[in-house]
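Undergrad: Sequence and predicted model, in that order:
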Amino acid sequence: MRILLTNDDGIDAYGLKVLHEIARALSDDVWTCAPLYEQSGKGRGITLHDPLRAIRRDEKTFAVNGTPTDCVQIAVNDLLPSPPDLVLSGVNRGFNLAQDVTLSGTVAGALQGMSLGVPSIALSQCLDFDMDIEAQWEASRHHGAPVISALLSKGWHKNIIFNINFPDCDDDVVAGVELTRQGFRDLHELHAVKRVDPRGRDYYWLDFEAQENQLLDGTDLKAVAENRISVTPLHLDLTHYETLNSFKGVLGGAVPKKVVRSESVND
């Protein structure tokens, strides 16, 4: 089995070393193509206006001056001698839960593998950024390969990926594995901090605020909060089907000739 590794923390990230250990427990044919620099929060971004260069680190390792999506695309199309049988993206330093999945370069790397017809999995090691200096990598290092092996033994639909989050605890405290749905935080924690540079000009630094969330049964948020490994199947269909069904007949097939202004969307 040929495995392709990528991440969004960059080619020199410690989590990528952990992922390599996980992959080597599954196969002897492991390749790596990861960003030259950190690409956290880039989501499914691609590089369109600058040339991409693949720097060979060793026989099966490449660094690319682009995003995780760029890396997977280039590796599958050109760098590997033949397409991989599995793409693993991570292990991310920090969680990718709830709304995070739409921003995550880690998840994006797996989604690009899926879009190229390769079974793909995103892996993240949760940590409390307010408390932890470094992630407790033993949770992902110890449990990563067994969880992936279990998924591979069954197989899955070609249009989904699995998003795995390992809890922020020692590996011997992990309370099990749970198949979960994507949770949703009560408030989005991203905010902009306004600062002034040495020349007196305003600038902004995006940051995340820690906050408590309602932990609903069956969600990724609750699973990791209770020291369980969260395994969530994800796909790219963002359609809200309840609204789709409720609006049938409202627009019909014709384009309205005149828009009537209304003071309220409920009028």
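TA: Nice, I can see it.
Undergrad: The host helix or strand of Q73 - contacts with which helices or strands?
TA: Using DSSP states H and E, Q73 sits within helix 68-74. In terms of contact count using 3 or more Cβ pairs under 8 Å, 6 or more residues apart in numbering; DSSP states H and E, helix 68-74 is assigned the packing partners strand 2-6, strand 29-35, strand 61-64, strand 86-93, helix 105-115. For every residue, glycine as well, the C-beta is placed using N, CA and C.
Undergrad: Swap in 7 Å and give it another go.
TA: Applying 3 or more Cβ pairs under 7 Å, 6 or more residues apart in numbering; DSSP states H and E, we find helix 68-74 packed against strand 2-6, strand 29-35, strand 61-64, helix 105-115.
Undergrad: what about C169, how many residues close to it?
TA: Close neighbours of C169, defined as other Cβ atoms under 10 Å, add up to 16.
Undergrad: That one against A135, yeah?
TA: No: with contact defined as Cβ atoms under 7 Å, C169 does not reach A135; the gap is 10.8 Å.
Undergrad: For burial, what's the neighbour tally of the closest residue to F184 other than its chain neighbours?
TA: Taking Cβ to Cβ, 6 or more residues apart in numbering, and ignoring the residues beside it in sequence, F184 has A98 as its nearest neighbour in space, at 5.4 Å. Other residues within reach of A98, judged by other Cβ under 10 Å, total 19.
Undergrad: how far away is A98 from L244?
TA: 23 Å (Cβ to Cβ, to the nearest Å).
Undergrad: give me every residue that touches the residue nearest to F184.
TA: Taking Cβ atoms under 7 Å, 6 or more residues apart in numbering, we find A98 in contact with 182-185, 220-221.
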